[in-house]
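A predicted structure for the sequence below; I have some questions about it.
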Amino acid sequence: MRAIKESPGLVGAYVNLGRLYLDQHQIDKSLWAYTEGSKLAPDRAEINYNLAAIYEERHDFESAVRFLEK
């Protein structure tokens with residue numbers, strides 16, 4: 001979080017935080033981190049894949065497909 005506070009445009013910090021939250025099964029926080037990362041890098045495959053996986057786990061298939069299509 002310090003990296004994000006110091007440099008809010010640092011996409012890698014959001015990706016790392018999203019991954020950390022996923023590993024800790026904190027899905028809502030992971031969704032937030034990846035969503036913020038997606039705003040900065042909408043075409044980054046890793047972010048879109050993880051967002052699709054989170055939405056699939058939440059049974060929001062329409063959103064999951066939307067991110068897979070990116």
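Nice, thanks for sending it over.

Kindly list the single helix or strand of this structure that scores lowest on mean pLDDT.
helix 2-6 (a mean of 86; mean pLDDT, DSSP states H and E).

what's that helix packed up against?
Using 3 or more C-beta pairs under 8 Å, 6 or more residues apart in numbering; DSSP states H and E, the elements in contact with helix 2-6 are helix 11-23. Any C-beta I mention is one placed from the backbone N, CA and C, and that applies to glycine too.

Now do the buried residues in the helix it packs on.
Residues Val11, Ala13, Tyr14, Val15, Leu17, Gly18, Tyr21, Leu22 are the ones in helix 11-23 that count as buried (16 or more other C-beta atoms under 10 Å).

The residue nearest the centre of the chain: what secondary structure?
Nearest residue to the geometric centre of the chain (C-alpha atoms, centre = their mean): Tyr34, 1.6 Å. Following DSSP: H, G, I helix; E, B strand; the rest coil, the label given to Tyr34 is helix.

Apart from its chain neighbours, what residue comes closest to it?
Spatial nearest neighbour of Tyr34, chain neighbours left out: Gly18 (4.2 Å); criterion: C-beta to C-beta, 6 or more residues apart in numbering.

Just want to check the distance between the one you found and Leu40.
Separation of Gly18 from Leu40 (C-beta to C-beta, to the nearest Å) stands at 12 Å.

Check the burial of Asp43 by counting its neighbours.
8 (other C-beta atoms under 10 Å).

next one: Ser63
14.

quick one: contacts for it?
Leu51, Ala52, Tyr55 (C-beta atoms under 8 Å, 6 or more residues apart in numbering).

quick one: it from Ile54, how far?
9 Å.
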